[in-house]
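Engineer: after the sequence you'll find the predicted model.
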Amino acid sequence: MLASGLMQRSSSNHWVISLYFLLATLPGLSVMPASFALPLAFLISGIVLVKAWLPANGKAVLIVVSLVIWAICVHWLLDDWLSGHTFLSGLYLVVTLKWIESKGRTESMVVTTIGLVLFALSSLSFSGFTALAYLLLGVCGYLYVTLLLSGTATTQMVATSAKILVLGTPIMVLLFVTVPRIQGPLWDLGIVMGLPIELVIDQDQKEQGLTASLQAGQISRLKKSDEPILVAEFSGTVPYKSRLYWRGPVYSNYTGTEWQMRPNWDNRTQLLRKAFRKQQDLDSVITSKRDLVAYEARITANGKRWMYGLDFPYGSSPETFISDEFQVLGIRKLRQEFNYEQRAYLEYTGGRPLSQEERQRFLQLPKKSNRRLVAWGRDMAKGAQTTNERIHRLRVQLASGEYQVTQLPDIDVYPDSLDEFFFERKQGGVEHLASASAIALRAAGVPTRLVSGYRGGSLIALTNFVVVRQANAHVWVEAWDDAIGWQRVEPLDFVTPPKKEERAQAEAPIKKPKVKNSAQAATDTSSAPSVATKTPTKRQERPPESNLSWLRTLSSGLETWVLNYNPETQVELMKKSGLRVVDWKSLLGITALGLALLGTIYGAVLAMSRRRRNNVLFHFEKLNHRLSSKGLECLPHECPHQWLQRIEEPAAQMYPAIAAVVQDYINLRYTPAADAAERQAREARFITNSKRLYGMLS
């Protein structure tokens, strides 16, 4: 009967572990070519299923035959021995075969642990919440199989699994939240540590990037590249990445199909003549400034003069100067990597007064280009007296016009392409959005120029280093106001507003103008009939919320705080928690402190649990401690019988009571009870008698 029970249990274990391996391998095969994945899936499933009936001498034959079949499938169906599919399928097969020939509990445990790695690899075939649920299934399966191999009973398995999950969840959450996140290539860490690593390894990429002219689609093409442009180390806390504008070429001339820099833009003599030579020169033209930051940048060679300095530059560095267009430029063209130090105000207005020639250049419009957009801009200016009022009307149009910015714009380059984007497609690249905004403002009488460069960057492992890549390429608008000078206008934020935390730090410099009376309101409304405010003709009822709205909210939260938990999100969470300085040192300190606190709590809980489990031993030791004051304690090397013999004469008066309690203790420790009820009755009698004896001795 016992042998039959063991065989039945072993067979049950086999099917459970077989299901575990099938769940770990089949999802990964589903993303491979069907002609290759199907025969391999049948092969792995067959191997797992026939293990229970294989004789000992048949395993070697099965292994050889399986490897031969796999090699034939790779050669004829995959035809690539160095592909990722080959490696992954080979790993699946080897682990499965190892499970087939494993002997004993130890080998099975090792293979089961490798199966958890297979779950992690197979999770790459899923995305979002599905991948998280699949990984959770793998962890639960691994825990269950591990307990199964240890011979634990089913009810005890469930209880043990629940205890492990309850105890492990706080540690898991603590480590996930506080351990510094490392995102990006590993050589980014080498840059932080000061290793001599070039930012751009491919020599053909060194002089690619922004140029002296800008056409529609150019920024979008740059965004497809992940090549680094510069690495900046900030002094102090790194600002939100949406506030980092790395200024490059400034365009003032528009031909109808492309933007161009001003004439003689590369003439060093003229650039130096108009440059800001001293800090006092900058102070004299800045009308407002806020949020000063300091940084040191390491920029890759681009074959041009621009250093992509952070906007608005406010400092000096050897071999560089600040042009009258607020660019950080090099005395010489960049033919190799260059380091410079600089300071900058993240928010600013100002600039030298415009000459008549400059005003005409910043208001220039092609005669036979984008006529509808020009007409719309002129209508927008009617009734709007100030620059801010006109910018506000543009903001209303962009915010309510259902515009979208895409990485793959499909609008052809021709003289009316901005009309097509602004009135028909309403979907294009960031250069379409910025160009249309600049032309509309020029038509409204606002001197405007286009600024290209990069926005944002990637934080390296919670340090003060930020890497700016081609993927961060961006273009924005600067508008002139005679009262305050140049001010940044970001059309992208009109269409896609920044996060609340970033808006709190960067207050919008443009405020909605106050309407004095109803007549003025009517004038403002009629002056821009093309502004799409989308006033409904009848009341639109809100669609009823679905009963599954909580599930969408949960999925969105998991997407943000689990699957997309990157360094920026970690910094945001830590700042919300009240941590002022967020770097890897402070986070590791929080991790160590949290682990120590959890260890203390777990120790106290386990001590209390141990005390409840060893209630009999606790009362016996308490009684023994009381007897030690009379020299009658049980010594460490004595067994209870020897102890009773030794104290029979010294404790003659109390000996019967002591002997009765000790005998109950011996029965509880060394004599098995018939059932749980009898044991509970024994424990209750022992505890009652020991307490009574303890009272007699006090």
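Structural biologist: Perfect, thanks for sending it. Numbering: from 1, shown residues only.

Engineer: the residue lying closest to Y348 once chain neighbours are set aside: neighbour count?
Structural biologist: Closest residue in space to Y348, ignoring its immediate chain neighbours: F312 at 4.0 Å, by CB to CB, 6 or more residues apart in numbering. C-beta coordinates here come from the backbone N, C-alpha and C atoms, glycine included. Neighbour count of F312, defined by other CB atoms under 10 Å: 24.

Engineer: isn't F312 up against Y345?
Structural biologist: Yes. F312 lies in contact with Y345 (CB atoms under 8 Å); the separation is 4.7 Å.

Engineer: overlap in contacts, the two.
Structural biologist: Residues within reach of F312 and of Y345 at once, by CB atoms under 8 Å, 6 or more residues apart in numbering, are I286, K289.

Engineer: which stretches of the stretch 151-300 of the chain form helices?
Structural biologist: Counting by DSSP state H, counting those that start in this stretch, one finds helices in the stretch 151-300 of the chain at the ranges 154-178, 187-192, 218-222, 268-274, 279-285.

Engineer: tell me which of these sits nearest to F465.
Structural biologist: helix 187-192 (5.1 Å; CB to CB).

Engineer: what about S35, neighbour count?
Structural biologist: 11.

Engineer: let me know the average pLDDT across whichever helix or strand it is part of.
Structural biologist: Per DSSP states H and E: S35 is located in helix 34-50. Across helix 34-50, pLDDT averages out at 81.

Engineer: so what does that helix touch, helix or strand wise?
Structural biologist: helix 2-29, helix 58-73, helix 84-101 (3 or more CB pairs under 8 Å, 6 or more residues apart in numbering; DSSP states H and E).

Engineer: need the contact partners of it.
Structural biologist: Taking CB under 8 Å, 6+ apart as the rule, helix 34-50 contacts 18, 21-22, 25-26, 29-30, 32, 62, 66, 69-70, 73-74, 77-78, 85, 89, 92-93, 96-97, 99-100.

Engineer: swap the cut-off to 6 Å and go again
Structural biologist: S18, F21, T25, L29, I69, C73, L77, L78, S89, T96 (CB atoms under 6 Å, 6 or more residues apart in numbering).

Engineer: the residues you listed into JSON lines, with extra columns for distance to K630 and pLDDT?
Structural biologist: What follows is the contacts of helix 34-50, written out as JSON lines (distance: CB to CB, whole Å; pLDDT from 0 to 100):
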{"residue": "S18", "distance to K630": "65", "pLDDT": "78"}
{"residue": "F21", "distance to K630": "64", "pLDDT": "80"}
{"residue": "T25", "distance to K630": "69", "pLDDT": "83"}
{"residue": "L29", "distance to K630": "75", "pLDDT": "81"}
{"residue": "I69", "distance to K630": "80", "pLDDT": "88"}
{"residue": "C73", "distance to K630": "82", "pLDDT": "86"}
{"residue": "L77", "distance to K630": "86", "pLDDT": "83"}
{"residue": "L78", "distance to K630": "84", "pLDDT": "78"}
{"residue": "S89", "distance to K630": "76", "pLDDT": "85"}
{"residue": "T96", "distance to K630": "68", "pLDDT": "81"}
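
Engineer: show me which of those is closest to R685.
Structural biologist: Nearest member of these to R685, counting by CB to CB, is S18, at 50.4 Å.

Engineer: about what we covered before: could you check how far the residue nearest to Y348 is from A473?
Structural biologist: 20 Å (CB to CB, to the nearest Å).

Engineer: if we can go back for a sec, out of the helices and strands packed on helix 34-50, which is the most enclosed?
Structural biologist: Counting by mean count of other CB atoms under 10 Å, helix 84-101 has the highest mean neighbour count of the helices and strands packed on helix 34-50, with a mean of 18.

Engineer: now do it: which elements does it pack against?
Structural biologist: Helices and strands touching helix 84-101, by 3 or more CB pairs under 6 Å, 6 or more residues apart in numbering; DSSP states H and E, are helix 34-50, helix 58-73, helix 104-122.

Engineer: I figured P415 hits R372, correct?
Structural biologist: No. In this structure, P415 is not within contact of R372 by CB atoms under 6 Å, at 11.8 Å.

Engineer: quick check on R455: phi, psi?
Structural biologist: phi -120, psi 130 (degrees, to the nearest 10).

Engineer: burial of it, as a residue count?
Structural biologist: Using other CB under 10 Å: R455 sits among 20 other residues.

Engineer: what residues are up against it?
Structural biologist: Y245, N472, H474.

Engineer: which of those lies closest to M380?
Structural biologist: H474 (24.5 Å).

Engineer: wait, is that closest one part of a strand?
Structural biologist: Yes. Counting by DSSP: H, G, I helix; E, B strand; the rest coil, one finds H474 located in a strand.

Engineer: any idea what the nearest residue to it once chain neighbours are set aside is bridged to?
Structural biologist: Spatial nearest neighbour of H474, chain neighbours left out: R455 (3.8 Å); criterion: CB to CB, 6+ apart. Beta-bridge partners recorded for R455 (DSSP bridges): Y245.

Engineer: state the distance from R455 to W476.
Structural biologist: The value you get for R455 to W476, if CB to CB is used, is 8 Å.

Engineer: repeat for A24
Structural biologist: 49 Å.

Engineer: next: L230.
Structural biologist: Following CB to CB, the distance that separates L230 from W476 is 18 Å.

Engineer: and V571, how many residues sit next to it?
Structural biologist: 20.

Engineer: for it, which non-adjacent residue is closest in space?
Structural biologist: Going by CB to CB, 6+ apart, V571 has V582 as its nearest residue, at 4.8 Å.

Engineer: R105 too?
Structural biologist: Nearest to R105 is L149, by CB to CB, 6+ apart, at 5.5 Å.

Engineer: which ones are touching the one you found?
Structural biologist: L149 neighbours (CB under 6 Å, 6+ apart): R105, S108, M109.

Engineer: buried only: go through those residues for me.
Structural biologist: S108 (16 or more other CB atoms under 10 Å).

Engineer: can you put the contacts of L149 in CSV and add distance to S577?
Structural biologist: What follows is the contacts of L149, written out as CSV (distance: CB to CB, whole Å):
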residue, distance to S577
R105, 45
S108, 44
M109, 39
